[in-house]
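Enquirer: Below are the sequence and a predicted model for it; my questions follow.
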Amino acid sequence: MIPVSSATLDTIAPSNSEFWQKAMAQCFRSVPELLKHLNLVEEQLPYAVDSQNAFRTKVTRYFADLINPKDPYDPILLQILPRLDEKAEIKGFSVDPLEEADHSPLPGLIHKYQNRVLLIAHQACAIHCRYCFRRHFPYSEQSLRGHALDKVLDYIVKDPQINEVILSGGDPLSLGDSQLLELLTRLDSLNLRAKVVLVIHCNHPNEITSVLAEHLQTLRQNNVHLLNQSVLLQGINDNTDTLVALSNQLFAVGVLPYYLHLLDPVQGAQHFYLDDNQAVNIWRDMQSQLSGYLLPRLVREVPNRPSKTWVNYL
């Protein structure tokens, strides 16, 4: 299983294996650079922007071009633009909200659930989502370089309960083509007999474009199963109409809605938070408007539990 963002898939051109690398190299990496591209004036925005955030700005030009520059509350803009709200320190929000450090037996490996492990395949992403639960993650301590990968694979082989390996990061598709192929080949040699599942990450229907649909079709033609996960975010997708449209548009491009996550309480993302009652009410409204197979599971991740926790719908 490989979770990646929709923005990453849109940097990949099947006819040119180097295209995505050029797109990554041309990312916007500062607030002034991004605002200039959008013809936005910081002082005219209805909120305070944080140009010096330690979790730096990063967004592909393709993704930035999906933003409506006339709308300061554009749902894509708000996902990538650092705001001064990120500086607030709120009780209950921490740098390691899922306590992943307690479940890392080896560098580059996270083993929270009995039958599956997660590999930090790469530290880079095509975009830096402002709500990212790994925005404080110590990537320098979690590299799979050198003999670290050998040790991780040996760990997997020795545990007969493990039958699923999740490539994460960062974004595994930020690896070079040859590196990713080598990693997949070595995993395939473990005889896990797992199907390839790609979990994309779309939060809003504006992210689903004809370009994305084209790449998804290529993946389906190569027997890759496609799922989507979203995060419920205040001011971005916290209404039924948006999420119903998202599910329908995902299915139209061959992707099944999978998870709708409650926000992980990571320090710096508290302004995206919705409480459980709001989330459940939205999910119930979605249930009344969607066929069952288009309804994502409303979940949260609670540290030290053996699986994701379904939020109580009753």
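Expert: The structure has been received and is ready for your questions.
Enquirer: burial of V211, as a residue count?
Expert: 16 (other Cβ atoms under 10 Å). Backbone N, C-alpha and C define where each C-beta goes, glycine included.
Enquirer: Would you indicate which residues of the strand or helix carrying it are buried?
Expert: Per DSSP states H and E, V211 falls inside helix 210-221. Residues of helix 210-221 classed as buried: V211, L212, H215, L216, L219 (neighbour count, 16 or more other Cβ atoms under 10 Å).
Enquirer: residues in contact with the last one?
Expert: What it means is L219. Each residue near L219 by Cβ atoms under 8 Å, 6 or more residues apart in numbering is listed here: L198, L226.
Enquirer: What pLDDT is listed against it?
Expert: Looking at L219, its pLDDT is 95.
Enquirer: ok, it to L212 distance?
Expert: To L212, L219 is 11 Å away according to Cβ to Cβ, to the nearest Å.
Enquirer: Let me see the ranges of the strands in this structure.
Expert: For the chain, applying DSSP state E gives strands covering 2-5, 109-113, 116-122, 164-169, 197-201, 225-231, 256-261, 297-300, 309-310.
Enquirer: which residues of the stretch 1-150 of the chain fall in helices?
Expert: 6-9, 19-25, 31-38, 61-64, 77-80, 148-158 (DSSP state H, counting those that start in this stretch).
Enquirer: Tabulate those (JSON lines), appending mean pLDDT, distance to Y113 and mean neighbour count.
Expert: As requested, the helices of the stretch 1-150 of the chain are exported to JSON lines (pLDDT from 0 to 100; distance: least, Cβ to Cβ, whole Å; neighbours: other Cβ atoms under 10 Å):
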{"stretch": "helix 6-9", "mean pLDDT": "54", "distance to Y113": "24", "mean neighbour count": "25"}
{"stretch": "helix 19-25", "mean pLDDT": "85", "distance to Y113": "30", "mean neighbour count": "15"}
{"stretch": "helix 31-38", "mean pLDDT": "96", "distance to Y113": "37", "mean neighbour count": "17"}
{"stretch": "helix 61-64", "mean pLDDT": "96", "distance to Y113": "31", "mean neighbour count": "18"}
{"stretch": "helix 77-80", "mean pLDDT": "98", "distance to Y113": "27", "mean neighbour count": "23"}
{"stretch": "helix 148-158", "mean pLDDT": "95", "distance to Y113": "13", "mean neighbour count": "16"}
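Enquirer: right, and the ones you listed - which one's nearest H111?
Expert: helix 148-158 (8.0 Å; Cβ to Cβ).
Enquirer: Run through the stretch 151-300 of the chain and note the low-pLDDT ranges.
Expert: Applying pLDDT under 70 to the stretch 151-300 of the chain picks out residues 194.
Enquirer: swap the cut-off to 90 and go again
Expert: Scanning the stretch 151-300 of the chain for pLDDT under 90 picks out the ranges 169-170, 174-177, 188, 190-195.
Enquirer: Now I110. Nearest residue, chain neighbours left out?
Expert: L118 (4.3 Å; Cβ to Cβ, 6 or more residues apart in numbering).
Enquirer: ok so, going back, any idea which of the buried residues of helix 210-221 is the one closest to L184?
Expert: Closest approach between the buried residues of helix 210-221 and L184, by Cβ to Cβ: L219, at 13.8 Å.
Enquirer: Can you name the residues bridging to the residue nearest to I110?
Expert: I110, I166 (DSSP bridges).
Enquirer: OK, contacts around it?
Expert: So L118 contacts L109, I110, H111, K112, V165, I166, L167, S168 (Cβ under 8 Å, 6+ apart).
Enquirer: repeat that with 7 Å
Expert: L118 makes contacts with I110, I166, S168, as judged by Cβ atoms under 7 Å, 6 or more residues apart in numbering.
Enquirer: A25 versus that one, what's the distance?
Expert: 27 Å.
Enquirer: just L181 next, same as before
Expert: 21 Å.
Enquirer: same question, C125
Expert: C125 is 14 Å from A25, by Cβ to Cβ.
Enquirer: swap in L180?
Expert: 18 Å.
Enquirer: what do you get for P303?
Expert: In terms of Cβ to Cβ, P303 sits 37 Å off from A25.
Enquirer: now do K158
Expert: 40 Å.
Enquirer: Leaving out chain neighbours, which residue sits closest to D96?
Expert: That would be H136: by Cβ to Cβ, 6+ apart, it lies 6.9 Å from D96.
Enquirer: Pretty sure the one you found sits against V95.
Expert: Yes. Assessed by Cβ atoms under 7 Å, H136 is found in contact with V95 at 3.8 Å.
Enquirer: which neighbours do the two share?
Expert: Q267.
Enquirer: Count the neighbours of the residue nearest to N312 when sequence neighbours are not counted for me.
Expert: Spatial nearest neighbour of N312, excluding adjacent residues (Cβ to Cβ, 6+ apart): V280 at 7.3 Å. When neighbours are defined as other Cβ under 10 Å, V280 has 17 of them.
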